[in-house]
Structure formats: structure tokens, C-alpha cells
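[1] how does the following fold in three dimensions:
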Amino acid sequence: MIRAIHTLRGSSSMAQIEEIFEASSKVEHLFKTLLQDEIASTSKETAVLIQYAEFVSDYLHLLRQGDSSKLAAVYATFERVWNDYGFAATETETVETQGLVTKLVELEIDLLLDAEFEFDKRAKVDYPEYIQALSEQAAELLAHTDNRAALGIHEFTTDLKSAYDALLEKPVLLNSDYAYELFAQAHQEFIHLFDTLAAGQRVILNDDTQKTLSELAAFVQQDLEIFAEDNVPAEQVSEEISIPEAATTASIDFAALSQRIASDRQYIDSAETQRDFDEDLLNIFLEEADELLVGIDEDLNTWSKKQDDTTSLIT
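    Numbering: from 1, shown residues only. Got it, this is the predicted structure:
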């Protein structure tokens with residue numbers, strides 16, 4: 001059911017159906033939080049799901065009829081029910097999470113954020129200064145992520161910093177191509193965790209992420225005797241390791257990007273907002289939404305009968 005709501009959320013965003021997007025975002029976040037924290041559901045969650053399904057059904061009916069004058073009233077009804085049940089308070093964490101992302105990207109951690117694209121080249125050219133800078137920026141990030149919302153990033157960065165420190169102690173590790181493969185995976189996952197946080201979701205390390213960290217830790221902690229060249233002086237690393245050229249990218253100002261997105265949201269309800277939906281796109285959305293709504297209804301009935309079984313929520 002969560003998957004269906006997520007799909008409906010994405011489709012409504014693409015079709016610029018803002019009210020369905022907003023309602024779907026609320027409900028998806030609520031039930032993801034319940035599942036992640038293993039919180040027992042109550043009759044309130046069942047009731048709001050029923051209200052959500054009715055809201056989507058009514059909204060789709062009005063869209064087909066071309067009666068856009070009543071759409072705002074239908075959404076207002078859902079909003080009122082949402083607030084009456086006290087779920088508005090659950091959105092606070094999402095807002096705080098989004099604010100946290102803005103604060104984090106305003107830190108001086110540009111090298112860390114760009115490591116996904118720059119590590120291969122700079123680890124060779126700028127050793128050991130570059131690795132030292134990554135370690136210092138990781139430490140800076142750790143100081144600002146010791147909280148519930150960013151716990152996953154805090155845990156991930158702790159292991160990533162340990163790996164950087166290991167490179168400083170054992171420069172010979174950079175003689176292995178496998179090192180760059182492992183760090184590339186880690187840096188990609190690091191950015192993915194930031195994206196998750198920016199989406200208003202709590203960051204939790206899954207099995208794949210834990211596997212990435214375990215493989216990286218195992219590599220940097222291994223016996224250096226497996227390398228043919230041991231005890232390589234730090235100043236010789238940039239001359240002796242061979243690293244394939246990697247594409248680089250200009251530094252992205254994530255703080256400015258976040259502010260731009262927040263600024264653009266003021267135009268959602270303005271006269272400049274797109275209201276004349278593309279007919280073909282709208283028809284595709286309505287057809288897909290109907291199918292998803294049927295599945296949501298079936299999953300809701302299943303879950304209502306046995307709420308301790310969350311299988312129907314996540315399938």
C-alpha cells in the first residue's frame with residue numbers, strides 16, 4: 001500500500017496535481033514512520049487512510065468532470081480530518097529534517113559532498129592534504145548530526161572518517177584499485193543518504209549500506225603484507241599509485257538550491273500556477289490513479305482486519 005501511495009505521489013507530481021501530491025506525501029510519511037519505528041497503529045491511522053482513499057476518489061471524479069472549482073474544497077476536507085486527528089504534529093519532524101539539510105550543506109563540507117566525483121583524481125594528486133581535509137570535514141559533519149533525524153548519516157560518517165584516517169596511516173592502501181571502487185560506493189551512498197534526509201525521511205542504514213561499510217572497514221583494516229609495496233612514504237603516494245582518470249564536476253551549491261526550491265513553492269497557489277493540465281498526461285494519470293486506488297482499498301481492508309500484520313502496508 002505504501003508503494004502504491006508513493007507511486008500516486010510521484011504521478012501526481014509529474015501531472016502537477018498538487019493537492020493529491022500533498023495528501024499522498026503526508027500519508028506516505030506517516031506510515032513509513034510507523035513502520036520504521038515499529039509503532040503500533042491505532043484506529044486513527046485506519047480512519048485517516050479511509051479518508052485519504054475517499055479524498056483521492058472524489059478528487060479523481062471531479063477531474064474527470066472538469067469541475068475544478070470544487071477541488072480545493074475536497075482537499076480542505078482531507079486537511080481538516082488530518083489536523084483533527086492530530087497528525088499535523090507528525091509533520092514537524094519532516095520540516096525540521098528539511099531545515100537540518102539546509103544547515104548541513106551550509107557547513108564547510110564541500111569536499112565531502114563532492115568526493116563522489118573527485119576522490120579518484122584528488123586522492124592521487126593532492127595526497128595527503130586532500131584525505132586530511134576529508135577527515136576534518138567528516139568530523140565537522142559528525143558534530144552536527146548527533147540527533148535522531150540524522151542518526152544514519154552520523155553512523156555512516158563515523159565509519160567513513162575512520163576509513164579516511166586509515167588512508168593517512170597506511171598510504172599503501174591507495175595502491176589497490178579496489179580501494180577506489182570501495183570509496184566510490186561509499187561516497188555514492190553518502191549522497192543518497194543526504195537525498196533521503198532532504199526528502200523529509202529519517203535516515204536509517206539498510207543491509208546494503210551496512211554491507212558497503214563492512215567491506216570498506218575490512219579493506220582499510222587488513223594486513224598490509226598482502227601488498228607488494230609496503231611502507232610507502234606518504235610523499236611518494238601521488239607518484240606511485242596509478243588511478244584511472246575520473247570525471248569531475250563543478251561544486252554544487254546545495255544551500256542555494258534548497259533556498260531556490262523553498263522560494264518557488266510560494267507560486268503553487270498563485271495565478272501563475274499551471275491549471276490547464278495536458279489532456280493526454282491527465283488521462284494517463286487518471287487511469288493509473290484508478291488502478292492504484294483499487295489496490296489501496298484492497299490493502300486497507302486487509303490491514304484493517306489484522307493490523308499487527310504489516311505485510312499489506314509494504315507490498
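
[2] pLDDT weak spots in the stretch 151-300 of the chain?
    Counting by pLDDT under 70, the stretch 151-300 of the chain contains low-confidence ranges at 199-202, 223-281.

[3] got the residue ranges for the helices in it?
    For the stretch 151-300 of the chain, applying DSSP state H, counting those that start in this stretch gives helices covering 151-169, 177-198, 207-220, 237-240, 254-264, 279-305.

[4] looking at those helices, which is buried most?
    Of all those, helix 151-169 has the most neighbours on average by mean count of other C-beta atoms under 10 Å, namely a mean of 19. In short, each C-beta sits where N, CA and C put it, glycine included.

[5] report the angle between it and helix 177-198.
    Inter-element angle recorded for helix 151-169 and helix 177-198: 150 degrees (by axes from the mean of the first three to the mean of the last three C-alpha atoms, to 10 degrees).

[6] out of the helices of the stretch 151-300 of the chain, the one nearest residue 4 is which?
    Put simply, out of those the one that sits nearest residue 4 is helix 279-305, at 4.6 Å, with distance taken as C-beta to C-beta.

[7] for that closest one, packing partners?
    The elements that helix 279-305 packs onto, with contact taken as 3 or more C-beta pairs under 8 Å, 6 or more residues apart in numbering; DSSP states H and E, are helix 2-14, helix 43-65, helix 311-314.

[8] which residue sits closest to the spatially most central residue of the chain in space, ignoring its chain neighbours?
    The centre of the chain sits closest to residue 196, judged by C-alpha atoms, centre = their mean, with a distance of 1.2 Å. When the adjacent residues along the chain are set aside, residue 196 lies closest to residue 203, with 5.3 Å between them (C-beta to C-beta, 6 or more residues apart in numbering).

[9] that neighbour against residue 151, yeah?
    Yes - the pair formed by residue 203 and residue 151 meets the contact definition of C-beta atoms under 8 Å, at 6.7 Å.

[10] need the contact list for residue 205.
    By C-beta atoms under 8 Å, 6 or more residues apart in numbering, the contact set of residue 205 is 152, 155-156, 213.

[11] one step back: list the contacts of the residue nearest to residue 196.
    Applying C-beta under 8 Å, 6+ apart to residue 203 gives the contacts 149-153, 193, 196-197.

[12] that older thread, got the helices and strands packed on helix 279-305 as TSV, with distance to residue 134 columns?
    Rendered in TSV, the data for the helices and strands packed on helix 279-305 read as follows (distance: least, C-beta to C-beta, whole Å):
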stretch	distance to residue 134
helix 2-14	34
helix 43-65	43
helix 311-314	36
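
[13] now the helices of the stretch 151-300 of the chain as JSON lines including distance to residue 102?
    What follows is the helices of the stretch 151-300 of the chain, written out as JSON lines (distance: least, C-beta to C-beta, whole Å):
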{"stretch": "helix 151-169", "distance to residue 102": "14"}
{"stretch": "helix 177-198", "distance to residue 102": "9"}
{"stretch": "helix 207-220", "distance to residue 102": "23"}
{"stretch": "helix 237-240", "distance to residue 102": "36"}
{"stretch": "helix 254-264", "distance to residue 102": "5"}
{"stretch": "helix 279-305", "distance to residue 102": "31"}
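
[14] and residue 29, which of the ones you listed is closest to it?
    Ranking those by distance to residue 29, with C-beta to C-beta as the measure, places helix 177-198 first at 12.2 Å.

[15] contacts for the closest one, please.
    Contact with helix 177-198 is made by 97-98, 100-101, 104-105, 112-113, 115-116, 119-120, 123, 149-150, 152-153, 156-157, 160, 163, 167, 173, 203, 209, 212-213, 215-216, 219, 243-244, 258, as judged by C-beta under 8 Å, 6+ apart.

[16] show me how far that helix is from its chain's centre.
    Relative to the mean C-alpha coordinate of its chain, helix 177-198 is positioned 13 Å out (C-alpha atoms, centre = their mean, to the nearest Å).

[17] spatially, what comes nearest to residue 158 if we skip its sequence neighbours?
    On the basis of C-beta to C-beta, 6+ apart, the spatially nearest residue to residue 158 that is not a chain neighbour turns out to be residue 142, at 6.4 Å.

[18] please tell me how far the one you found sits from residue 123.
    Distance of residue 142 to residue 123, given as C-beta to C-beta, to the nearest Å: 21 Å.

[19] who's more crowded, those two?
    For residue 142 against residue 123, the residue with the higher neighbour count under other C-beta atoms under 10 Å is residue 123, and the figures read 26 against 16.

[20] contacting residues for residue 67?
    With contacts defined as C-beta under 8 Å, 6+ apart, residue 67 is in contact with no residue.

[21] can you do 10 Å?
    With contacts defined as C-beta atoms under 10 Å, 6 or more residues apart in numbering, the neighbours of residue 67 are residue 61.

[22] what are the buried residues along whichever strand or helix holds residue 115?
    In this structure, residue 115 sits in helix 110-125 according to DSSP states H and E. Neighbour-count burial for helix 110-125 flags 110-124 (criterion: 16 or more other C-beta atoms under 10 Å).
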